[in-house]
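The following block contains a protein sequence and its predicted model.
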Amino acid sequence: AATLPSYALTLDNSAGISSSALSAQVAAIKQLPVRPTVRVVADIGTAPADYAQAIPALAQVSDIMLLLGDSSEVKGVSLASYTSWVRAFVNAYAGQVSVWEICNECNGNWAYSSASEQIARQLAAYDIVKAAGGKTAYTIYYNPNCEDSSSDAWATWLSGGNIGASEAAGLDYLLVSYYPSDCNDYWPTAQVWQSTF
């Protein structure tokens, strides 16, 4: 089972990766002092077959967290299309993926046209993953005093009914995405991070 250790990295070139590039990645990951979690970005528009070499190879040297569509990619994707796409990935890789990132930067206004659209997609992904016995991760976009609107504020989003009760009760990991350059170059202190988490 994945523990999301301090060693973790994101790969966004796994779809259709060349054998030589994949071998180099696997060799580099294998040299790390502990088994890491590798976050593989599954881009909207790709198919499970595009990862047929990468995921099994990476799973030999790391736990896999599969991101089901990067934040800006899911905007405008219909619920039916997204659900079908997620189901195909879960069916293909349920035995090799340790954690499924069901929503990335969920409260970022670039990720949805309406909050209800975003909520429906993340809940569909959550239900599919849980039905397959998988673990889920949900990534909030941390935006203290620099949100585009009050409804997008990270704490408001989390406490404002944007996560269904069953989803909130069953989520395995809540992750935080933060870019100081997006937030007036604000660098939270260790004490602020402690209270935030």
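It's in.

When you work out contacts or count neighbours from here on, use the C-alpha atoms and nothing else.
Will do.

So for this protein, which residue is the most central one in space?
residue 101 (3.1 Å; C-alpha atoms, centre = their mean).

Could you identify the helix or strand that succeeds the least confident helix or strand in the chain by mean pLDDT?
One helix or strand of the chain scores below all others by mean pLDDT, DSSP states H and E: helix 165-170, with a mean of 88. The helix or strand immediately downstream of helix 165-170 is strand 173-177, counting by DSSP states H and E.

Please enumerate residues in contact with stretch 122-140?
Here stretch 122-140 makes contact (C-alpha atoms under 8 Å, 6 or more residues apart in numbering) with 83, 86-87, 90, 94, 98-107, 154, 163-164, 167, 171-177.

Point out the other helices and strands that the helix or strand encompassing the residue nearest to the centre of the chain packs with.
Residue 101 is part of strand 99-103 when elements are defined by DSSP H and E. With contacts taken as 3 or more C-alpha pairs under 8 Å, 6 or more residues apart in numbering; DSSP states H and E, strand 99-103 sits against strand 63-68, helix 115-131, strand 135-141.

Mind listing the strands it pairs with, and their directions?
Strand 99-103 has its sheet partners listed here by DSSP bridges as strand 63-68 (parallel), strand 135-141 (parallel).

so of the ones you listed, which one's packed in deepest?
strand 63-68 (a mean of 25; mean count of other C-alpha atoms under 10 Å).

Just the buried ones from the contacts of stretch 122-140?
Neighbour-count burial (16 or more other C-alpha atoms under 10 Å) is assigned, among the contacts of stretch 122-140, to 83, 86-87, 90, 94, 98-107, 154, 163, 167, 171, 173, 175-176.

Low-confidence ranges, the protein, go.
1-5 (pLDDT under 70).

can you give me the helices in the protein?
Taking DSSP state H as the test, the helices found in the chain are 19-30, 54-59, 71-74, 79-93, 115-131, 154-159, 165-170, 190-196.

tell me what the first one is packed against?
In other words, helix 19-30. Against helix 19-30 (3+ C-alpha pairs under 8 Å, 6+ apart) you get helix 54-59.

Go through the helix it packs on and flag the buried ones.
Along helix 54-59, these residues count as buried under the neighbour rule (16+ other C-alpha under 10 Å): 54, 55, 57, 58, 59.

Skip the chain neighbours and tell me the closest residue to the fourth one.
Ranked by C-alpha to C-alpha, 6 or more residues apart in numbering and with sequence neighbours excluded, the top spatial neighbour of residue 58 is residue 26, at 6.2 Å.
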